[in-house]
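# With the input below, show me the fold.
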Amino acid sequence: MQPDFPKLLSSQIAFDIARTILDGFDKHYRLFRQISQQAKVLFEQGDWPSAQRNARERISFYDKRVQECVQILEDEYAEEDLSDDVWREVKLHYIGLLINHKQPELAETFFNSVCCNILHRAYFNNDFIFVRPAVSTEYIEPVQGVPTYRVYYPGREGMRNVWQRIITNFQLEAEFVDLDRDIGYVERCIEQIFGRIHGEANHQIQVLSSLFYRNKGAYIVGKGINGYRTYPFVIPILQNRKGKLLLDTIIVDPALITVLFSFTRAYFMVDMEVPSAYVHFLRSIMPNKPKSEIYTILGLQKLGKALFYRDYLHHLSHSSDCFQASPGIRGLVMAVFELPSFPYVFKVIKDSFPPPKETTPALVAEKYLLVKHHDRVGRMADTLEFSYVAFPRHRFDKDLLAELKATAPSMVEEERDQIVIRHLYIERRMVPLNIWLTEAEERGDDEALEHGIREYGNAIKDLVAANIFPGDMLYKNFGVTKHGRVVFYDYDEIEYITDCNFRAIPAPRNEEDEMSAEPWYPIAKNDVFPEQFDIFLLGNPKVRKYFMRYHADLLTPQYWESRKQRIMQGYIEDIFPYPAEIRFCNQMCPPVPSTQAA
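I've put the predicted structure just below:
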């Protein structure tokens, strides 16, 4: 028997609630687009501090709008008005309101957040949220006159004319140093991929209509299409010291493009009327990157988080292995576990920490929040923060459950056939650097050992440039990604560089000082003695050799203090999310990847 929908949708309260929630989302996305549009002006003006401030503030927009919406509903309706039957109708009305909406997937996530706040129910036991999408995002077209991407035909117009139009179509209000020269660089690189184009050849170039802004760069994102073959490319636009623009390189290697959109970097500022269309385009050039990560890197991290959770549930239902403690040295602050078949780790803050740790669970949570809002410069892993995550009891290793109960009892609940973790962080799984180095040495791979140490020092220097002192610099707190990059992931001791005092160890005053097991000089809370890094980092002769070859300056207080002074003077360092050797200023044309088609 078909349900009687007119009777089911009979509540005016349910419709009004649905309308209020959608109005709250529309306000959120309007503000989201406005601040994303400001990125163009700030880039043209070279106002990097304001650009970074906007990027940080935008992260909080979503939660603020959710709380505003929750407050409106709680002020307007009595608790008895918000029954389960009413909420079932609210969802049906909401689905109806999303017909022809341009951001339905984002609006569904906003509904979930408001619903869980109002009903005080976690996602895992909430019957009223959108577990699966109810409205398709396929073939949504913009209505404001700007298409998602523009198409150019070099066979008809000529390659140089096409590149001229691609760049000028963005209408940047700043002068180029020498656009003809830069287009010449790009043209030569493209010829290596497409070959020289003649006549009405079956070539086209598709370019997303909005630039991607992040830190001090703006990025053109597009792809060339030749029959069934697709060639992704990204062109960074930078400013020189005089405020003039230049094309810095063209990135054509799919692996380097993936790194550009990495989970270890700050979110892009992009003006998107139809975000799902941008995600669809980006997946066509990065087919192995999950939609959840693409939404996140576009600044839509709440939907990215929701999509991740859907992927996790899907994987859970199609696998049979058990959750177990992650390999490596046990941390003092976090209990870390994983599902071997799933490429992420789950981190739970312990209830208390043994010496020498002098922090608290609340302070650790603050450090993770700091990283979420900070520029991660490709060297700090983004984290997904969840509350009340349910795990099947029969998939939980007994030793792991015992460890969690012993170290974080306040975080563990048992509900019949489920283990519920009240609060946890989820990060992309990497090989701990200490394990990576040990394995490289065991197999006699000096090249890998050298690469690991060089990357380790580069990671620290990039963090320093972003005003981050790692605190605990042991190798176990760094991981190696599948692209061979070293990334920091243990945040409980991080500090701002500008809050640290970098000192040289005073000379001993006498023989008693020299023989003393304890420091003979006063040490303040944020004092750092870089000379001491040698003691706990460089005991291995091979490691020492490679470290001193590339990063001996990290052992001197002068290095750290000079970087601190630059930061305090307001200087924002250039940290390129692609290799320096492919920049046009260093090489006439970047190397073409061995596998050209994405």
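# May I ask you to name the longest helix in the chain?
What stands out as the longest helix in the chain, according to DSSP state H, is helix 12-45.
# What residues sit buried inside it?
Neighbour counts using 16 or more other C-beta atoms under 10 Å place 14-15, 17-18, 20-22, 24-25, 28-29, 32-33, 35-36, 38-40, 42-43 of helix 12-45 among the buried residues. The C-beta positions use only the backbone N, C-alpha and C, and glycine is treated the same way.
# likewise stretch 468-486?
Neighbour-count burial for stretch 468-486, counted by 16+ other C-beta under 10 Å, picks out 468-473, 475, 477-481, 485-486.
# Let me have it in CSV, keeping just the CA atoms, if that works.
Extracted in CSV, the C-alpha atoms of stretch 468-486 (Å, rounded to 0.1, in the frame of the first residue of the first chain):
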residue,chain,number,x,y,z
ILE,A,468,55.5,26.2,14.5
PHE,A,469,58.0,24.6,16.9
PRO,A,470,57.3,20.8,17.0
GLY,A,471,58.3,20.5,20.6
ASP,A,472,59.1,16.7,20.6
MET,A,473,61.3,16.2,17.6
LEU,A,474,61.8,12.5,18.0
TYR,A,475,61.5,10.5,14.7
LYS,A,476,58.5,8.6,16.0
ASN,A,477,56.4,11.8,15.9
PHE,A,478,56.9,12.1,12.1
GLY,A,479,55.5,9.9,9.4
VAL,A,480,56.3,9.2,5.8
THR,A,481,53.5,9.5,3.2
LYS,A,482,53.1,7.3,0.2
HIS,A,483,54.8,10.1,-1.9
GLY,A,484,57.9,9.9,0.4
ARG,A,485,57.2,13.2,2.2
VAL,A,486,57.9,13.5,5.9
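# Assign a three-state SS to the residue lying closest to N169 once chain neighbours are set aside, would you?
In space, N169 comes closest to R150 once its chain neighbours are excluded; the distance is 6.5 Å by C-beta to C-beta, 6 or more residues apart in numbering. Three-state assignment for R150 (DSSP: H, G, I helix; E, B strand; the rest coil): strand.
# ranges for the strands of the stretch 451-598 of the chain?
468-469, 478-480, 486-488, 495-496, 501-502, 527-528 (DSSP state E, counting those that start in this stretch).
# who wins for proximity to A402 among these?
Nearest to A402, of all these, is strand 478-480, at 26.0 Å by C-beta to C-beta.
# Walk me through which strands the closest one pairs with, and which way each runs.
The sheet places strand 478-480 alongside strand 431-432 (antiparallel), strand 486-488 (antiparallel), with pairing taken from DSSP bridges.
# what mean pLDDT does the first one have?
Within the predicted structure, the mean pLDDT of strand 431-432 is 95.
# Show me the domain layout of this protein.
If you go by automatic domain parsing, the domain ranges for the chain are 5-125, 149-296, 319-429, 433-576.
# and the end-to-end length of the second one?
Think domain 149-296. With C-alpha to C-alpha, to the nearest Å applied, domain 149-296 spans 20 Å between its terminal residues.
# For V221, which three-state class applies?
Taken by three-state DSSP, the conformation at V221 corresponds to strand.
# Do I have it right that it meets I205?
No - judged on C-beta atoms under 8 Å, V221 makes no contact with I205 at a distance of 11.6 Å.
# Can you give me the pLDDT of R503?
Reading off the confidence values, R503 has pLDDT 93.
# A174 touches G243, doesn't it?
Yes - the pair A174 / G243 is scored as a contact, 6.7 Å apart, by C-beta under 8 Å.
# any idea how far G378 is from N215?
When C-beta to C-beta, to the nearest Å is the yardstick, N215 and G378 sit 11 Å from each other.
# got any residues that touch both of the two?
Residues touching both N215 and G378 by C-beta atoms under 8 Å, 6 or more residues apart in numbering: I575.
# show me what contacts the most centrally placed residue in the chain?
Nearest to the geometric centre of the chain sits F263, at 3.4 Å (C-alpha atoms, centre = their mean). Under the criterion of C-beta under 8 Å, 6+ apart, the neighbours of F263 are E293, T296, I297, A381, D382, R428.
# Check which helix or strand S136 maps to.
Assignment of secondary structure by DSSP states H and E places S136 within no helix or strand.
# And the residue lying closest to it once chain neighbours are set aside, what's its pLDDT?
The shortest distance from S136 to any non-neighbouring residue, by C-beta to C-beta, 6+ apart, is to P104 (7.9 Å). If you check P104, the pLDDT there is 97.
# on that earlier part again, from Q558, how far out is the residue nearest to the centre of the chain?
34 Å.
# list the buried ones in stretch 548-563?
Residues of stretch 548-563 classed as buried: Y550, H551, L554, L555, P557, Y559, W560, E561, R563 (neighbour count, 16+ other C-beta under 10 Å).
# now, the most widely separated pair of those?
Between any two of these, the greatest separation by C-beta to C-beta is 20.3 Å, found for Y550 and E561.
# before we move on, back to that, looking at the domains of the chain, which is nearest to R132?
domain 5-125 (9.4 Å).
# ok, back up a step: dump the strands paired with strand 478-480 to CSV, plus distance to R416.
CSV is the format used below for the strands paired with strand 478-480 (distance: least, C-beta to C-beta, whole Å):
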stretch, distance to R416
strand 431-432, 35
strand 486-488, 38
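# from memory F268 sits against S210, does it?
No - between F268 and S210 there is no contact, the gap being 9.6 Å when judged by C-beta under 8 Å.
# need the contact list for V543.
Contacts of V543 by C-beta under 8 Å, 6+ apart are L437, L449, I453, L537.
# Save the domains of the chain as TSV, and put in distance to Y139 too.
As requested, these are arranged in TSV below (distance: least, C-beta to C-beta, whole Å):
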stretch	distance to Y139
domain 5-125	12
domain 149-296	9
domain 319-429	30
domain 433-576	33
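# Understood, closing this out.
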